[in-house]
Structures are given as C-alpha cells and as structure tokens.
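# structure, please.
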Amino acid sequence: MKYKKQIETFIDYFREAETRSSRHKIGVEFEHFILDSNLNAISYYGKEGVETLLEELNDSKWSPVFEKEHLVGLENDDAVLTLEPGAQLEISIKPCETLMEIKDIYLEFLAQLKSVLNKRGQKAAVLGYQPQTSIEDIELLPKKRYDYMYDYFADQGKYAYNMMKGTASIHINIDYTDEEDYIKKMRTAYFISPLIYYLFDNTPYFEGREVRGTSIREKIWRNCDNERSAVIEGLFDKKFGYRDYAEYLLDTPPIISKSGGEFEYSRDKLLRELMDSTDQQTVEHYLSMVFPDVRSKKYIEIRAADGLPYPYNFGYAALLKGLFYDEKNLNSLYNRSLEYDQQQFLAFRNKIINNDENPARDELIEELILMADGVLAENKKYLEYVKEIFFQHQKAKYKTLNSSAESKNEALSWCVLN
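Next up is the predicted model:
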C-alpha cells in the first residue's frame with residue numbers, strides 16, 4: 001500500500017470517530033491484580049489460577065473468548081474482560097454518558113468477582129504495581145501477541161518486562177468533536193499528564209520494596225521503548241493533528257504485523273513497510289501497538305494514572321470529565337500548554353513528576369481540582385476522593401506508606417476489593 005493511502009486510512013478512521021459534543025461519552029478501563037492472602041500474584045495457570053477464575057465467572061451474562069484452547073477473556077454488551085501479560089484482570093466498560101451508568105456496570109462486576117474470590121481465598125487489589133511478587137516469578141500469559149512482544153522487548157528498555165507483567169493502570173477515554181477539538185484535547189492531555197503521574201502515583205512497592213519519591217510508573221515507561229512510549233516526539237512543536245499521529249504510527253515498528261487476518265512477528269520493521277490493508281480491525285490492531293502517555297483510537301485515551309480502587313478511580317474519571325468536557329476549562333488548559341515547546345514541556349514534566357517539593361505544581365493540581373469542582377454536577381461527590389488524596393496524602397501511594405498499620409497487608413487494605 002502506498003504511503004499516501006496509509007496516511008489517508010488513519011485520517012479517515014479518526015474523522016469517522018468524531019462525535020457531536022452533545023453525545024460525548026466517557027469510557028474506562030480498570031486493571032486489577034489477583035492475589036493470595038499474602039499479596040502474592042496468582043498465576044494464570046493451575047487449579048487456582050486466573051484461567052479457572054474466568055471459568056467460574058463465566059455464566060449466562062458473559063461469552064467466553066479463547067486463544068486456542070485457553071480461556072483468556074469474557075465479554076458481553078456492557079463490558080469486556082481481558083488479561084494483561086502477567087494475568088492482570090482488566091475490565092473495559094462501554095462508553096457511557098454518565099459515571100452513574102459506569103458505576104452500575106462496574107459494581108455488578110465487582111460483586112460477582114468478589115463472590116468467586118472469597119470462595120477461593122483470594123483477593124483483587126488495585127494499585128500500580130505488584131505489591132509482593134518479583135517480576136521474574138510471574139509467568140507470561142499464553143497469547144501469541146505477548147510472546148512476540150516479550151521477544152521484542154528483550155533488547156529494549158530495562159523495565160519493559162516490568163511494564164508487561166507488573167503494572168496495572170486506569171485508562172480514561174474521551175471523545176472529540178472534530179480535528180480542532182482533537183488537537184486541543186491531545187495537547188491538553190499531555191500537558192496535564194505529569195500531574196496525573198504525580199497525584200495518582202499508587203505504587204508504594206516496587207519488586208517488594210517500599211518506594212517513595214518518583215513515580216515508578218513513569219520510570220518504567222521511560223525505560224521501556226522510546227519509539228512507542230511516554231511523549232510523542234514533536235507533539236508540542238506544532239498543531240498535532242490526524243496526519244501527524246498517522247505519520248508517528250507509520251514511522252514506528254508495530255512489533256506484530258497483520259496480513260490476511262493473521263499475525264506475524266515483524267520485529268523492527270516500520271509500519272509503513274508493512275501496512276497493506278484498510279480493514280478496520282487491522283487499523284485498530286496497529287493503533288494498539290504504541291503506548292504513549294496519551295493514545296489515539298476512536299477516542300483519546302489518557303494513560304498516565306496507576307490503578308486506583310473504587311471509588312477513587314471514579315474520582316479520577318470525574319476530574320477528567322470536568323476538565324475535558326467543559327469548554328472553558330479545556331480552552332484555559334490548552335492555552336496554557338501553548339506556552340511550552342517540546343523541550344520546555346519535557347523539562348516541566350520532569351520537575352512535576354520527580355520533585356516532591358514543588359509549590360508551583362501543588363498550586364496547579366489544586367487549580368485543576370477547583371476547575372472540575374466548579375462544573376461537575378452529579379459526579380461532584382466522586383471528586384471528594386481526589387481531594388482526599390491530594391489534601392491529606394499529597395499522592396495516592398502515601399495513603400499506604402504513611403499508614404500506621406503494622407503490616408503491608410493492613411496498609412494496603414484500602415486497595416483491596418474484598
């Protein structure tokens with residue numbers, strides 16, 4: 001396929017995803033660790049593994065998803081359950097107009113999950129990184145896609161395997177009206193992403209050891225694969241629109257190519273050398289093979305937050321809804337972002353994330369909370385959980401690390417869902 005046609009394929013895809021502001025919805029993806037009573041990771045394999053957990057969850061409300069003979073997910077009209085490479089359990093809930101709709105779907109799932117886990121003597125925990133088990137002791141999920149990625153990352157960044165098998169996060173998905181709105185929201189999302197990394201840093205332990213200060217999530221992604229992670233090169237140097245994102249994709253190795261419906265390991269070949277189809281599933285596969293802080297699909301996906309338990313995860317979603325779906329708030333943040341070129345933003349990003357003492361950052365976080373608080377209606381109650389994190393603990397992981405609990409298990413009890 002000629003380069004011009006490849007570019008046009010992605011541009012058409014992004015244009016088809018445009019949505020009138022009156023129909024804007026919010027989508028969420030929440031990842032969970034399945035642990036034993038001592039906070040050790042539960043493997044996918046074995047009698048008490050995550051595969052058998054999916055089997056027990058699989059009732060008339062769900063349809064199973066297999067990879068050859070292995071059960072690797074469940075789906076229905078409201079949500080999709082998938083597994084990350086280290087058997088992290090993710091629920092992706094359909095886009096909804098209100099957080100109340102999302103809450104009903106999520107809490108129904110949690111009730112079912114907790115019922116099964118209680119019988120098994122296991123628990124679901126929501127934080128940014130495995131609290132106890134070493135990455136070397138976590139087995140890789142039996143999916144060919146993950147085998148290819150594992151091989152590719154062998155000579156990439158030092159924390160690539162930690163990313164695959166050890167992390168858990170929240171992704172919030174927001175709609176855009178047209179390309180101008182897309183440009184504003186992409187740039188604004190990148191502008192506030194350092195604040196998200198900082199405030200919603202919920203990784204109190206890394207490889208079993210306590211960790212204060214810098215965001216482990218940001219450190220992992222910065223040392224994973226520079227071609228597809230962190231901040232897209234040049235995004236702050238121009239109006240970064242549909243064509244620019246398409247060029248970024250085509251100049252990146254997708255790791256896994258798709259041709260004739262089949263996946264093949266393409267190693268370090270660029271997407272422009274491989275893409276030969278305009279099929280929507282093929283396009284969506286390639287969109288999923290880059291992992292920047294903010295990613296473009298049929299929506300703008302904001303990816304900087306660690307996993308947070310209910311209802312703190314809904315506080316985060318409410319914050320972003322108040323910032324991105326209010327025109328005055330969006331324009332204010334976008335105009336502020338225009339003060340930075342790429343190098344200035346990277347310096348700003350580093351100071352925000354890696355300095356615990358930063359009064360200017362703290363003022364900006366407080367301003368974001370007040371901006372959202374001023375426009376939210378029925379979702380305002382969830383913002384109280386963001387206020388608790390910031391005003392009482394400074395960042396999420398300090399709720400655990402500054403606890404007076406005598407054990408790690410007790411300190412993390414607020415992150416455990418059963």
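# max-length strand in the chain?
When the chain is parsed with DSSP state E, its longest strand is strand 26-35.
# just the CA coordinates for the next helix or strand after that one, please, in CSV.
Beyond strand 26-35 on the C-terminal side, the first helix or strand identified by DSSP states H and E is helix 50-57. The C-alpha trace of helix 50-57 is given here as CSV (Å, rounded to 0.1, in the frame of the first residue of the first chain):
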residue,chain,number,x,y,z
VAL,A,50,-6.7,-16.9,36.8
GLU,A,51,-7.9,-19.1,33.9
THR,A,52,-10.1,-21.1,36.3
LEU,A,53,-11.2,-17.8,37.8
LEU,A,54,-12.5,-16.8,34.4
GLU,A,55,-14.2,-20.2,34.1
GLU,A,56,-16.0,-19.6,37.4
LEU,A,57,-17.0,-16.1,36.4
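# show me what helix 50-57 is packed against.
Secondary-structure packing of helix 50-57 (3 or more C-beta pairs under 8 Å, 6 or more residues apart in numbering; DSSP states H and E): strand 70-75, strand 79-83, helix 99-120. In this view, the C-beta of every residue, glycine as well, is placed from N, C-alpha and C.
# mind listing what's buried along that helix?
Buried residues in helix 50-57, counted by 16 or more other C-beta atoms under 10 Å: 50-54, 57.
# check stretch 83-102 too.
Going by neighbour count (16+ other C-beta under 10 Å), the buried part of stretch 83-102 is 83-93, 95-96, 99, 101-102.
# do you know how far S403 is from N409?
11 Å (C-beta to C-beta, to the nearest Å).
# same check, this time on E90
24 Å.
# same deal with Y13?
When distance is defined by C-beta to C-beta, Y13 is 46 Å away from N409.
# those two: which has the busier surroundings?
Comparing Y13 with N409 by neighbour count (other C-beta atoms under 10 Å), the higher total belongs to Y13, at 19 against 16.
# helix, strand or coil: sort out the more buried one for me.
Three-state assignment for Y13 (DSSP: H, G, I helix; E, B strand; the rest coil): helix.
# name the helix or strand for the residue nearest to it when sequence neighbours are not counted, please.
The shortest distance from Y13 to any non-neighbouring residue, by C-beta to C-beta, 6 or more residues apart in numbering, is to V283 (5.3 Å). Taking DSSP H and E as the definition, one finds V283 inside helix 280-287.
# re earlier: and the buried residues of helix 50-57 as TSV, adding distance to K269 and pLDDT?
Listed next are the buried residues of helix 50-57 as TSV, based on distance: C-beta to C-beta, whole Å; pLDDT from 0 to 100:
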residue	distance to K269	pLDDT
V50	33	98
E51	33	98
T52	38	98
L53	37	98
L54	34	98
L57	38	97
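# show me the contact partners of the one helix or strand R295 maps to.
Assigned by DSSP H and E, R295 belongs to strand 294-296. For strand 294-296, the surrounding residues in contact (C-beta atoms under 8 Å, 6 or more residues apart in numbering) are 14, 182, 186, 189-190, 193, 245, 287, 300-304.
# which of the residues you listed are buried, as a PyMOL select command?
Provided next is the PyMOL selection string for whichever of those are buried by 16+ other C-beta under 10 Å:
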select buried, resi 14+182+186+189+190+193+245+287+300+301+302+303+304
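# among the contacts of strand 294-296, which lie within strands?
Residues from the contacts of strand 294-296 lying in strands, with DSSP E as the criterion: 300-304.
# average pLDDT across the strand holding R295?
Confidence over strand 294-296, taken as the mean pLDDT, stands at 98.
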